[in-house]
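S.K.: sequence? don't have it. structure:
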């Protein structure tokens, strides 16, 4: 199978004052063309680190990529030079961040910021330099088009505004427009709706869904909210303490969650539709990644832990078609 | 003994907007704009709304941390707006607040022991071994080991910090706990534990809860009565089940339908609201929801502020969809309209 993006056995460590933190361990992830993949997990499980590693945005040091590959269209991103990465960031892989207010510069108008991004894409596109030149007016036009695409009302007038004149939802729309400006193949959205209210969240999720349908982007959506992921993604990957524990289709995940952590996560969700049973929660706390538990990292909190869980790393098992789980319970 | 532990009548809080140093008032932010509700002893009351709807202002008003512009707050049969500072101090023992962010509500330079002991020394003047015993007892109630007593907040996890906050709030045997987004800073797996713990605590210590949250699932999980706020006003009040299974106000309907469900099949129909919440400085005329309402019925929504309709099941809605039948203030027959209305959809 040919994947657009493939992460193979990625291992990342962070050097800190207290010791080496084993932040990601043997993370394996694939994203096909036009696929929408959700990355789910609790705080500190390595979701954002994975996303930043793809775009090579991790600060090195303290971060250190110990081993693994990140293949984008068959080429390893980890071997690329910084110049080559600039070609890829924004143009091939766009990213939307969690907090829309910190990613817009408060002293420039939306127009200036969007046009900057569009022009920088054009400069990089060397074949275009002679053909179109640095056409500022064209860039403004394109910016307005983009704003219209993300459904900002009256884009011609609003483009002159400063970020503080926009609400949180509108700012997130601007960031999505920015991410789309280079017509990337992959859109990475890191908790795009966490800072927003539910009604605004619903609007943004609808927008992402529409854009994906229209342009056929591949999407990597990172969220701690299974509801958000379920409403956008076809596949879901669950992470725990730097490990990928389960990877399957959205349907499979809710129908038959295999990993005890996934089951615990689903049990802790307050079922909004009806209060049938008390939500369980998962006992204990997320482990310290400087000294992660030996064997399976989830075993201290796992209800079905066995002896083997303390000793060996669970292998990734293909339980059924398109459903992988890393757990000793399913070893044949 | 009054019928309700806490009753709020037509509460208003306007924050003045000043133009410059000398120019004086320019307008006001109508953060809370005519709110009435009551909480029975032992009940759990939930205030839901989006950011900027005035939920937290309500909590601060109830504690009289800020003075209301207008309205009454009745505590156990007394209007506390007329209380003096000393009386208020005594009263605040009975109502304690638990804050949203456990990281910033604990002093980083105080150990767990000192944080919990502080209200005890201020109000009860306990010292020495008795103080230590009380703190130990409180830590036990919130399910924390004794060894955490001399730790500093940075050594604790988010859930543990929240428990310390609860222990501190419980130290003076309050009757009412105001919980302002108690779980929004916590991870899902911890959130469920925390809410279950709060529920057992309520039964054990006979507490009354006022939950404030933007998270509808949390409110549904914990409260018997829910009030939905929009731009400083309650648009709908009712029993939790009836609000969530049969929301009457268009805003409640949109809010309920906007929550993404953790399940594979997403509902086909979703009510999507246009635009953002208007600013509280320029509240729309008539019904304040009319600018975003998907079920607007006409000019009346823009012109007249809807009055409160009381339904047979005790639910109250402020919306023109349910026309006034009979006299104002009497139980309305609009329940019939409601069933008719639903039949039509």
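M.R.: On my side now, so go ahead. Remember, predicted model here, so these are calculated numbers, not experimental data.

S.K.: How about the secondary structure of the residue positioned nearest the centre of chain B?
M.R.: Central residue of chain B (Cα atoms, centre = their mean): residue B:212, 3.0 Å from the mean position. What DSSP: H, G, I helix; E, B strand; the rest coil gives for residue B:212 is strand.

S.K.: who are the neighbours in contact with it?
M.R.: Contacts for residue B:212 (Cβ atoms under 8 Å, 6 or more residues apart in numbering or on different chains) come out as B:46, B:47, B:55, B:56, B:58, B:59, B:178, B:179, B:180, B:181. Yep, even glycine has a C-beta here, placed from its N, CA and C like the rest.

S.K.: Try it again at 7 Å.
M.R.: By Cβ atoms under 7 Å, 6 or more residues apart in numbering or on different chains, the residues touching residue B:212 are B:47, B:55, B:56, B:59, B:179, B:180, B:181.

S.K.: which ones are touching the closest residue to chain B within the stretch 1-150 of chain A?
M.R.: Nearest residue of the stretch 1-150 of chain A to chain B: residue A:42, at 4.2 Å (Cβ to the nearest Cβ). Contacts for residue A:42 (Cβ under 7 Å, 6+ apart) come out as A:224, A:286, B:187, B:188, B:189.

S.K.: Where does it sit: helix, strand or coil?
M.R.: coil.

S.K.: List, one by one, the residues from chain A near chain B.
M.R.: A:42-43, A:167, A:169, A:197-203, A:205-206, A:224, A:226-228, A:230-231, A:250-251, A:254-255, A:264-265, A:268-270, A:272-273, A:275, A:278-282, A:285 (Cβ under 7 Å from any Cβ of the partner chain).

S.K.: Which pLDDT value goes with residue 290?
M.R.: Reading this off chain A. pLDDT recorded at residue A:290 is 84.

S.K.: not quite, I wanted chain B
M.R.: For residue B:290, the pLDDT comes out at 90.

S.K.: Also residue B:71?
M.R.: Confidence at residue B:71, expressed as pLDDT, is 90.

S.K.: Which strands or helices does the lengthiest helix in chain A pack on?
M.R.: For chain A, the longest helix by residue count, based on DSSP state H, is helix A:198-215. For helix A:198-215, the packing partners by 3 or more Cβ pairs under 7 Å, 6 or more residues apart in numbering or on different chains; DSSP states H and E come out as helix A:168-180, helix A:226-232, helix B:250-258.

S.K.: Show me what that helix is in contact with.
M.R.: With Cβ under 7 Å, 6+ apart, helix A:198-215 has contacts from A:36, A:150-151, A:168-169, A:172, A:176, A:189, A:192-193, A:196, A:217, A:219, A:228, A:231-232, B:50, B:254-255, B:258-260, B:270, B:272-273, B:276.

S.K.: Need the mean per-residue confidence for stretch B:54-61.
M.R.: Across stretch B:54-61, pLDDT averages out at 88.

S.K.: and residue B:38, which of the three is it?
M.R.: With three-state DSSP as the basis, residue B:38 sits in strand.

S.K.: Residue B:64 too?
M.R.: Reduced to three states by three-state DSSP, residue B:64 is coil.

S.K.: Just the buried ones from the residues of chain A next to chain B, in PyMOL syntax?
M.R.: Remark: buried members of the residues of chain A next to chain B, expressed as a PyMOL selection using 16 or more other Cβ atoms under 10 Å in any protein chain shown:
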select buried, chain A and resi 42+167+169+197+198+199+200+201+202+203+205+206+224+226+227+228+230+231+250+251+254+264+265+268+269+270+272+275+279+280+281+282
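
S.K.: where along the stretch 51-200 of chain A do the helices fall?
M.R.: For the stretch 51-200 of chain A, helices defined by DSSP state H, counting those that start in this stretch occupy the ranges A:82-88, A:110-124, A:126-132, A:136-149, A:155-158, A:168-180, A:198-215.

S.K.: Return the subset of the contacts of residue A:42 lying in helices.
M.R.: B:188, B:189.

S.K.: which residues touch residue 12?
M.R.: Just so you know, I chose chain A. By Cβ under 7 Å, 6+ apart, the residues touching residue A:12 are A:23, A:24, A:49, A:53, A:63, A:64, A:65, A:66.

S.K.: try again with chain B
M.R.: Taking Cβ under 7 Å, 6+ apart, we find residue B:12 in contact with B:32, B:33, B:34, B:68, B:69, B:70, B:71.

S.K.: among those residues, who's most crowded?
M.R.: residue B:32 (31 neighbours; other Cβ atoms under 10 Å in any protein chain shown).

S.K.: That one and residue B:234 touch, don't they?
M.R.: No - using Cβ atoms under 7 Å, residue B:32 is not in contact with residue B:234, being 9.9 Å away.

S.K.: Could you check the pLDDT of residue 148?
M.R.: This is for chain A. The model reports residue A:148 with a pLDDT of 87.

S.K.: Switch to chain B, please.
M.R.: pLDDT, residue B:148: 87.

S.K.: Need phi/psi at the nearest residue to it once chain neighbours are set aside.
M.R.: Of all residues not flanking residue B:148 in the chain, residue B:112 sits nearest, at 5.5 Å (Cβ to Cβ, 6 or more residues apart in numbering or on different chains). With angles defined as degrees, to the nearest 10, residue B:112 sits at phi -50, psi -40.

S.K.: Quick check: the residue of the stretch 51-200 of chain A nearest chain B.
M.R.: For the stretch 51-200 of chain A, Cβ to the nearest Cβ, closest residue to chain B: residue A:197, 3.9 Å.

S.K.: ok, now which ones touch the nearest residue to that residue once chain neighbours are set aside?
M.R.: Nearest residue to residue A:197, sequence neighbours excluded (Cβ to Cβ, 6+ apart): residue B:50, at 3.9 Å. Residue B:50 is in contact with A:197, A:198, A:199, B:214, B:277, counting by Cβ under 7 Å, 6+ apart.

S.K.: a helix runs through residue B:50, doesn't it?
M.R.: No - per three-state DSSP, residue B:50 lies outside any helix segment and is coil.

S.K.: which stretches of chain B form helices?
M.R.: Using DSSP H, helices in chain B cover B:55-62, B:85-91, B:112-123, B:128-141, B:158-170, B:188-205, B:216-222, B:240-245, B:250-258, B:299-303, B:334-344.

S.K.: Spell out which parts of chain B neighbour chain A.
M.R.: Counting by Cβ under 7 Å from any Cβ, chain B sits next to chain A at B:50-51, B:157, B:187-193, B:196, B:214, B:216-218, B:220-221, B:254-255, B:258-264, B:266, B:270, B:272-273, B:276.

S.K.: Which among these count as buried?
M.R.: In terms of neighbour count (16+ other Cβ under 10 Å), the buried residues within the residues of chain B next to chain A are B:50, B:187-193, B:196, B:214, B:216-218, B:220-221, B:254-255, B:258-263, B:273, B:276.

S.K.: can you pull out the strands in the stretch 201-332 of chain A?
M.R.: In the stretch 201-332 of chain A, the segments counted as strands under DSSP state E, counting those that start in this stretch are A:218-223, A:235-240, A:243-249, A:316-320, A:323-326.

S.K.: Would you mind saying which of those lies nearest residue B:317?
M.R.: Closest to residue B:317 of the strands of the stretch 201-332 of chain A is strand A:218-223 (Cβ to Cβ; 33.3 Å).

S.K.: Quick one: distance of that closest one to the chain centre.
M.R.: Here strand A:218-223 is found 4 Å from its chain centre; the criterion is Cα atoms, centre = their mean, to the nearest Å.

S.K.: What residues does the spatially most central residue of chain A make contact with?
M.R.: Centroid check for chain A by Cα atoms, centre = their mean gives residue A:222 as the closest residue, at 3.7 Å. Neighbour list for residue A:222: A:39, A:47, A:48, A:51, A:189, A:190, A:191 [criterion: Cβ under 7 Å, 6+ apart].

S.K.: The same query, at a cut-off of 6 Å, please.
M.R.: A:39, A:47, A:51, A:190, A:191 (Cβ atoms under 6 Å, 6 or more residues apart in numbering or on different chains).
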